[in-house]
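Peer 1: need a structure here:
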Amino acid sequence: MVKSRKMIRKIISDFYMVLILIFLYAPILTMMILSFNQSKSRARWGGFTLDWYLQMFDSRSIMSALSTTLIIAFVSALAAAVIGTAAAIAIQSMRLVPRTIIMGITNIPMLNADIVTGISLMLSFIAFGVSLGFKTVLIAHITFNIPYVILSVMPKLKQTDKSTYEAALDLGATPLQAFFKVVFPDILPGVLSGFLLSFTMSLDDFIITHFTKGAGINTLSTLIYSEVRRGIKPSMYALSTVIFLTVLILLLIVNFRSFKKKN
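Peer 2: Residues are numbered from 1 along each chain as shown. Below you'll find the predicted structure:
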């Protein structure tokens with residue numbers, strides 16, 4: 001009787017898990033299938049084709065948006081990693097009360113609505129006479145990425161032993177040498193996590209980019225939005241499929257490497 005109940009519960013839990021996976025991935029699978037559909041109609045299969053992928057790679061607007069997106073994501077993540085790491089070290093050296101206040105302030109951008117952040121940054125750029133364009137998008141992405149780096153580095157800083165840094169100073173190392181040879185290796189996983197998180201957030205962002213970009217500049221998210229308003233092209237299916245498969249392959253590689261290290 002007990003075994004049958006456990007079996008029924010397992011069947012029900014597996015059924016719910018399958019339903020959740022279908023709910024999550026059925027739309028993506030449909031989009032991937034439509035990217036190979038020769039017909040532009042979403043209701044009729046016209047045969048297998050790779051024309052939409054060729055059209056995607058031949059499109060100047062898509063390639064320009066892709067390069068802009070990658071450059072902004074990489075540069076903003078790198079700048080946020082440097083600034084956020086320095087900020088985390090400064091916050092960690094503070095006393096308890098000011099540290100708590102500063103951490104609360106740095107967490108506000110993550111809790112704040114994206115539309116509020118986007119409008120605020122846009123108004124700030126206009127107030128200071130900065131013309132909207134590539135540089136404003138880059139500054140905006142650095143701004144909202146810094147708190148994620150601080151949040152990733154702070155736990156690693158708390159785990160580091162201050163005595164090792166002081167010992168390095170006593171042995172004749174300069175503060176900079178002691179930091180890079182003693183402290184930085186300990187917090188490196190947190191810095192890398194913050195960098196990757198910032199890179200992902202920058203790639204995914206639409207609202208803040210939409211409010212801070214100028215005319216003539218597009219990222220992938222804003223380009224897809226503008227294309228959807230005029231009617232979805234099958235090349236957009238191809239672009240979304242390539243992005244999804246790229247992210248999936250990267251995740252599989254990272255998970256496989258971590259699994260291999262554990263074994």
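
Peer 1: what's near enough to touch Met122?
Peer 2: Residues in contact with Met122, defined by C-beta atoms under 8 Å, 6 or more residues apart in numbering, are Leu132, Phe211, Thr212. From N, CA and C alone the C-beta is placed, and that goes for glycine too.

Peer 1: report how many residues lie close to Gly231.
Peer 2: If you count neighbours by other C-beta atoms under 10 Å, Gly231 ends up with 8.

Peer 1: swap in Ala87?
Peer 2: 19.

Peer 1: so how far is Pro155 from it?
Peer 2: 15 Å (C-beta to C-beta, to the nearest Å).

Peer 1: which strand or helix spans the closest residue to Thr106 other than its chain neighbours?
Peer 2: Of all residues not flanking Thr106 in the chain, Pro147 sits nearest, at 4.8 Å (C-beta to C-beta, 6 or more residues apart in numbering). Using DSSP states H and E, Pro147 falls within helix 134-159.

Peer 1: buried stuff in that helix?
Peer 2: The neighbour-count check on helix 134-159 (16 or more other C-beta atoms under 10 Å) flags 136-154, 156-157 as buried.

Peer 1: could you give the mean pLDDT of that helix?
Peer 2: Confidence for helix 134-159, expressed as mean pLDDT, is 90.

Peer 1: what's it packed up against?
Peer 2: Here helix 134-159 is seen to pack against helix 60-92, helix 96-111, helix 114-127, helix 184-204, helix 207-212 when contacts are counted using 3 or more C-beta pairs under 8 Å, 6 or more residues apart in numbering; DSSP states H and E.

Peer 1: could you tell me the least trusted of these?
Peer 2: The bottom spot among the helices and strands packed on helix 134-159, by mean pLDDT, belongs to helix 96-111, with a mean of 83.

Peer 1: name the helices or strands packed onto that one?
Peer 2: helix 60-92, helix 134-159.

Peer 1: name the residues of the longest one that are buried.
Peer 2: Using 16+ other C-beta under 10 Å as the burial criterion, the residues of helix 60-92 that qualify are 62, 65-66, 68-69, 72-73, 76-77, 79-81, 83-85, 87-89, 91-92.

Peer 1: distance between it and the chain's centre?
Peer 2: Centre-to-centre, helix 60-92 and its host chain are 10 Å apart (C-alpha atoms, centre = their mean, to the nearest Å).

Peer 1: which one, of the helices and strands packed on helix 96-111, ends up nearest to Asn107?
Peer 2: Closest of the helices and strands packed on helix 96-111 to Asn107 is helix 134-159, at 6.4 Å (criterion: C-beta to C-beta).

Peer 1: measure how the following helix or strand past that closest one sits relative to helix 184-204, angle-wise.
Peer 2: Following helix 134-159 in sequence order, the next helix or strand is helix 162-170 (DSSP H and E). Interaxial angle of helix 162-170 relative to helix 184-204 (axes from the mean of the first three to the mean of the last three C-alpha atoms, to 10 degrees): 110 degrees.

Peer 1: name the helices or strands packed onto helix 162-170?
Peer 2: helix 175-178.

Peer 1: now do the buried residues in the helix it packs on.
Peer 2: Within helix 175-178, judged by 16+ other C-beta under 10 Å, the buried ones are Ala178.

Peer 1: next, name the residue at the spatial heart of the chain.
Peer 2: Thr200 (1.4 Å; C-alpha atoms, centre = their mean).

Peer 1: from Gly214, how far out is that residue?
Peer 2: 24 Å.

Peer 1: repeat that for Tyr225.
Peer 2: Tyr225 is 16 Å from Gly214, by C-beta to C-beta.
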